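> no sequence for this one, just the structure:
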């Protein structure tokens, strides 16, 4: 199976090589490395690996924990192929070519781009502020593998952000800036794997996709959240 491994490590020569060697010795075949952050002598890297299904992930975690200064932020299933340059532009081109299905195209594609499990386009009531919170949201479109009903976090159409739930689920939320529409992306907690929170760079990427989609779709966003959608509390 395809796994994503997020590691925080000292940003010094040799440490990345130690991590790569440990992954290989544990049985993982590295297919991609993405640097998410370099700050204050530390780095956050995402490794996409092919992992033998019969092998125990605990062996991998123990090997990485033995490297001085290395911390495993999360290990989770990767949905789809590793990310490549140009995918975001290709997605936006698809939305522009068929704006009628633009929201569905965006929602269906985002989990694969952000190594998430599912996504929904949720509509927050326009009077949510007067209700003292997000209030009741409706689902305009849900991606494949979205639970029924989806357990959404508190959703407000204010700013892009990451949230974490008590059940180990992580969300990234980005508003479209129109009609109370918000895109919610989720990573579920599935034993023995533990998905990490969405990194700031991932939240920024989601926000950019949502803003660009909003420009492309314009008034069509007002049509999301018709009376026939499912109510979520």
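Nice, thanks for sending it over. Since the model is a prediction, treat every value here as computed from it, not as a measurement. Numbers count the residues shown, from 1 in each chain.

> state which strand of the protein is the longest.
Criterion DSSP state E: the longest strand present in the chain is strand 29-39.

> so what are the sheet partners of it and their directions?
Strand pairing for strand 29-39, determined by DSSP bridges: strand 42-50 (antiparallel).

> show me what counts as buried in the partner strand.
Neighbour counts over strand 42-50 (16 or more other CB atoms under 10 Å) mark 43-49 as buried. C-beta here means a position set from N, CA and C on the backbone, and glycine is covered the same way.

> remind me which residues of the protein are low pLDDT?
The chain contains residues with pLDDT under 70 at 54-55, 80-85, 127-135, 225-233.

> switch to 80 and redo it
Within the chain, the stretches falling below the threshold (pLDDT under 80) are 53-55, 79-85, 125-137, 154, 156-157, 166, 191-192, 225-233.

> any idea which element residue 93 lies in?
Using DSSP states H and E, residue 93 sits in helix 87-97.

> may I have the phi/psi pair for residue 62?
Main-chain dihedrals, residue 62, degrees, to the nearest 10: phi -60, psi -40.

> give me the number of residues near it?
Counted with other CB atoms under 10 Å, the neighbours of residue 62 add up to 13.

> show me what contacts it?
Contacts for residue 62 (CB atoms under 8 Å, 6 or more residues apart in numbering) come out as none.

> and if you look at residue 104?
Neighbouring residues of residue 104 by CB under 8 Å, 6+ apart: residue 141.

> do the one 10 residues further on as well
Counting by CB under 8 Å, 6+ apart, residue 114 makes contact with 172, 185, 198, 202, 205-206.

> name the nearest of the residues you listed relative to residue 110.
residue 185 (5.6 Å; CB to CB).

> now the nearest residue to residue 118 once chain neighbours are set aside, what's its secondary structure?
Nearest residue to residue 118, sequence neighbours excluded (CB to CB, 6 or more residues apart in numbering): residue 146, at 4.1 Å. When classified by DSSP: H, G, I helix; E, B strand; the rest coil, residue 146 comes out as coil.
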